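*Asks:* Have a look at this prediction, sequence included:
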Amino acid sequence: MTDRVTLALIAVFGVPLLLIAYITASEWLLGLLRIRRHDAIRPWLWLGPALALLALFLVYPALNTAYISLLNAGSQHFVGLANYRFVFTDATMLLALRNNAIWLVLFTALVVVFGLATAVLTDRVRYGSLAQALILLPMAVSFVAAGVIWRFMYDFRPAGAAQTGAVNAVLTALLPGFTPQAWLINQPGNTVALILAAVWSWTGFAMVVLYAGLKSIPHEVLEAARVDGAGEWRILARVIVPLLRSTILVVATVMIVTALKAFDIVYVMTNGNYGTEVIANRMYKEMFSVQDFGRASSIAVILLLAIIPVMLFNLGRFRSQGSN
Amino acid sequence: MTTGAARAERMPVAQQAQALNWLRRIPLHAAVVAICAVWLLPALGLLISSLRPASLVATTGWWTALSPPLRFTLDNYQQVLTSNNMGQSFVNSLLITIPATVMPLLVAAYAAYAFAWMRFPGRDWLFLAVVGLLVVPLQMTLIPVLRLMTALGLTGTFPAVWLAHSGYGLPFAIYLLRNFFVSLPSEMLESAQIDGAGHWTAFFRLVLPTSVPAVASLAIFQFMWVWNDLLVALVYLGGQPSVAPMTVTIGNLVNSLGQGWQLLTAAAFISMLLPLAFFVALRRYFVQGILAGSVKG
């Protein structure tokens, strides 16, 4: 027990004090030196901890992973591109790649559409701010908790029994002759069921970003379109969407990266069973269940290669925006 | 373009138009209310189920709890906190998240200060390289970092996740803070230097206090990121209950309990308490954090 108290003290006070002490000591030493080279040394002292952490936890591991992906399971000898051949031929890997493709298209499209719809709709009612708070709320919930929430929503009892899952209960009540479904087991709909849980989590994010964009459209532009007699649908399609194009692209790119990295929701809801496997979960299994570090690394490299163009596009856009 | 005269012609029918307008807005209200219901109900179902006795949760839908007889209980919370390790996991989550938020924030602030206010060769290239690291998915780092942690004897200890989260959070934190620091008026720092104040004073007395909005948004963003993280904790901490944060414990409970919904929902709700409190109390910073976070994939 005392161990945990010590740990808590270190965690809450020790870490920040250590870091403040570091920079205080650095500045004190620089002051003692009293030489003109202060200004040459100082930046590196301030950058030091950051560069060390980045080198240790991002740069070196990324390069090392690329190398490990060319080695065998236990990283003892070179196997060339065999691990990559596995990634693109193994049946479960192909299934995971297919599912990630479904995630990429469906998840991105749904989040953008719902995000835009909620941003535009909540902008037009007086209780919009309350509605936005409700839609944003799932962003505060971990994907693990969201996984529990939606497993419960999709809960299945055989036909005739009282349904405890809300989805089956609502559908049974509304549609005559509907037989309750095991949403997380029946293929191929179960991947869509997982995606919808993720959409529930992420729509608030898209809404907030798109709403900020919407608010930056000059009021006169929309007013002019209305005065010209354009209907609201037409304004949405011809004015709002074109003006929000770059914001929509940002949301879409973030969602594409999220879809490629999808892990928590799948891990908690199905653990990739019943044909719902995704590449991030497959990598985790290759690492810990199969202990094939070569294959796991090659999956990570594939993930990086898929993400790079998307992120570069996004960063490039941010840089050009920054220079404006 | 419509002129003022054309607008004036419409005035007599304004009242009629208003009534028509109100009717036309019914689908709008219906849509907003329906969306809110769909977004709120899953979380509401979770909360209600966590307060119901096990026998009822297993046999009836949570919505039936709203009609009499009302039968609610806190037993599930008591059980999940004491016998399912959620109490300890809550403390673990705090012990992981607090340093894993403070550490990258301070380290990034030092670096951002150097990038924004010091001159040194290669500065801009180095900054670009740091921002470029945003493209690296953390999956790319898991195996080598795990081996490193094992070699250092850190696997399964909190410092392992403090360090890892700090490293992963840095590119975004440096990017955000540097851009904020650069936008501070240079007169502020020049006058500080004329007064003989060193960089230490300028940083802690001027730059940090004036950057509270950016730092707060970033802190909330990083806090949520770490608090809700599953993968990093799973990989570097393993499954030991003594160090597992709530996300890992809930993941294990899902496997072991399966249909024990009254306990799973209680556990999930406990894990949501702190983020929800932040969300309600600091919504402005929360939203700013999300907006800023749109570059971090």
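*Replies:* Now that the structure is in, tell me what you want to look at. Numbers count the residues shown, from 1 in each chain, chains lettered A, B, ... in the order given.
*Asks:* helix or strand for the closest residue to chain A within the stretch 151-297 of chain B, which one?
*Replies:* Nearest residue of the stretch 151-297 of chain B to chain A (C-beta to the nearest C-beta) works out as B:Gly167 at 2.6 Å. Every C-beta, even on glycine, is put in place using the N, C-alpha and C of the backbone. Assigned by DSSP states H and E, B:Gly167 belongs to helix B:158-182.
*Asks:* Can you pull the phi/psi pair for whatever residue of chain A ends up closest to chain B?
*Replies:* Scanning chain A for the residue nearest chain B gives A:Phe57, at 2.6 Å (criterion: C-beta to the nearest C-beta). Backbone geometry at A:Phe57, expressed as degrees, to the nearest 10, gives phi -110, psi -10.
*Asks:* Return the per-residue confidence for it.
*Replies:* Note on A:Phe57: pLDDT of 94.
*Asks:* which residues sit in contact with it?
*Replies:* B:141, B:145, B:163-164, B:166-168 (C-beta atoms under 8 Å, 6 or more residues apart in numbering or on different chains).
*Asks:* Test my guess that A:Phe152 contacts B:Ser50.
*Replies:* No. The criterion here is C-beta atoms under 8 Å, and A:Phe152 misses it with B:Ser50 at 10.2 Å.
*Asks:* the domain parsing of the chain - what is it?
*Replies:* If you meant another chain, say so; for now it's chain A. As given by automatic domain parsing, the domain ranges for chain A are A:2-68, A:84-151+A:194-323.
*Asks:* please go with chain B instead
*Replies:* According to automatic domain parsing, the ranges for chain B are B:4-76, B:81-295.
*Asks:* winner for burial among those?
*Replies:* With neighbours taken as mean count of other C-beta atoms under 10 Å in any protein chain shown, the domains of chain B reach their highest mean count in domain B:81-295, at a mean of 20.
*Asks:* Mean confidence (pLDDT) on it, please.
*Replies:* On average, domain B:81-295 scores 88.
*Asks:* what about that domain, distance to the chain center?
*Replies:* 9 Å (C-alpha atoms, centre = their mean, to the nearest Å).
*Asks:* cool, and stretch B:25-34?
*Replies:* Counting by C-alpha atoms, centre = their mean, stretch B:25-34 comes out at 30 Å from the chain centroid.
*Asks:* is it anywhere near chain A?
*Replies:* Yes. Counting by C-beta under 8 Å from any C-beta of the partner chain, chain A has neighbours in stretch B:25-34: B:25, B:28-29, B:31-32.
*Asks:* circling back: could the domains of chain A go into JSON lines alongside distance to B:His199?
*Replies:* Listed next are the domains of chain A as JSON lines, based on distance: least, C-beta to C-beta, whole Å:
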{"stretch": "domain A:2-68", "distance to B:His199": "6"}
{"stretch": "domain A:84-151+A:194-323", "distance to B:His199": "26"}
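*Asks:* Packed most tightly, which of these would that be?
*Replies:* Mean neighbour count (mean count of other C-beta under 10 Å) peaks for domain A:84-151+A:194-323 among the domains of chain A, with a mean of 19.
*Asks:* what does stretch B:113-125 contact?
*Replies:* Here stretch B:113-125 has contacts from A:39-40, A:42-44, A:46-47, B:126-127, B:174, B:178, B:181-182, B:184, B:189, B:199, B:202-203, B:207, using C-beta under 8 Å, 6+ apart.
*Asks:* Output that stretch as CSV, restricted to C-alpha atoms.
*Replies:* Output in CSV follows, covering the C-alpha atoms of stretch B:113-125 (Å, rounded to 0.1, in the frame of the first residue of the first chain):
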residue,chain,number,x,y,z
TYR,B,113,9.4,27.8,-26.7
ALA,B,114,12.8,27.1,-28.3
PHE,B,115,11.2,26.7,-31.8
ALA,B,116,9.3,29.9,-31.4
TRP,B,117,11.7,32.2,-29.6
MET,B,118,15.3,31.1,-30.1
ARG,B,119,17.5,31.2,-33.1
PHE,B,120,19.6,28.2,-34.0
PRO,B,121,20.7,26.6,-37.2
GLY,B,122,18.3,24.1,-38.8
ARG,B,123,15.4,25.3,-36.6
ASP,B,124,12.7,25.3,-39.3
TRP,B,125,13.8,21.9,-40.7
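*Asks:* Could you work out the end-to-end span of stretch A:261-270 for me?
*Replies:* One end of stretch A:261-270 sits 16 Å from the other (C-alpha to C-alpha, to the nearest Å).
*Asks:* do it and chain B meet at all?
*Replies:* Yes. Stretch A:261-270 comes into contact with chain B (C-beta under 8 Å from any C-beta), by way of A:261, A:263-264, A:267-268.
*Asks:* Would you format those residues as TSV with pLDDT and secondary structure included?
*Replies:* Output for these, formatted as TSV (pLDDT from 0 to 100; DSSP: H, G, I helix; E, B strand; the rest coil):
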residue	pLDDT	secondary structure
A:Lys261	90	helix
A:Phe263	92	coil
A:Asp264	91	helix
A:Tyr267	91	helix
A:Val268	90	helix
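*Asks:* between the residues you listed, which is closest to A:Ala140?
*Replies:* The closest of the residues of stretch A:261-270 next to chain B to A:Ala140 turns out to be A:Asp264 (C-beta to C-beta; 14.8 Å).
*Asks:* Quick check: that closest one vs B:Gly251, distance?
*Replies:* A:Asp264 sits 8 Å away from B:Gly251, going by C-beta to C-beta, to the nearest Å.
*Asks:* pLDDT at A:His77, what is it?
*Replies:* For A:His77, pLDDT reads 88.
*Asks:* Wait, it touches A:Leu71, no?
*Replies:* Yes. Look at A:His77 against A:Leu71 with C-beta under 8 Å: they come within range, at 6.6 Å.
*Asks:* and the two? which has more neighbours close in?
*Replies:* Of the pair A:His77 and A:Leu71, A:Leu71 is the one with more neighbours under other C-beta atoms under 10 Å in any protein chain shown, namely 19 against 8.
*Asks:* for the more buried one, which residues make a bridge with it?
*Replies:* Taking DSSP bridges as the rule, A:Leu71 bridges to A:Phe78.
*Asks:* which ones are touching the residue nearest to B:Phe269 when sequence neighbours are not counted?
*Replies:* Leaving out its chain neighbours, the residue that sits closest to B:Phe269 by C-beta to C-beta, 6 or more residues apart in numbering or on different chains is B:Ser50, at 5.0 Å. Contacts for B:Ser50 (C-beta under 8 Å, 6+ apart) come out as B:76-77, B:262, B:265-266, B:268-269.
*Asks:* 6 Å - rerun?
*Replies:* Listed by C-beta atoms under 6 Å, 6 or more residues apart in numbering or on different chains, the contact set of B:Ser50 reads B:76, B:265-266, B:269.
*Asks:* Per-residue pLDDT of it, please?
*Replies:* pLDDT, B:Ser50: 88.
*Asks:* got it, and A:Leu19?
*Replies:* So, for A:Leu19, pLDDT stands at 91.
*Asks:* Within the helices and strands, which one has it?
*Replies:* helix A:15-33.
*Asks:* which stretches of the stretch 101-250 of chain B form strands?
*Replies:* Shown for the stretch 101-250 of chain B, no strands are assigned by DSSP state E, counting those that start in this stretch.
*Asks:* and it, which residues reach chain A?
*Replies:* B:102-103, B:106-107, B:110-111, B:114, B:118, B:120, B:133, B:135-137, B:139-141, B:143-145, B:164, B:166-167, B:170, B:200, B:228, B:230-231, B:247, B:250 (C-beta under 6 Å from any C-beta of the partner chain).
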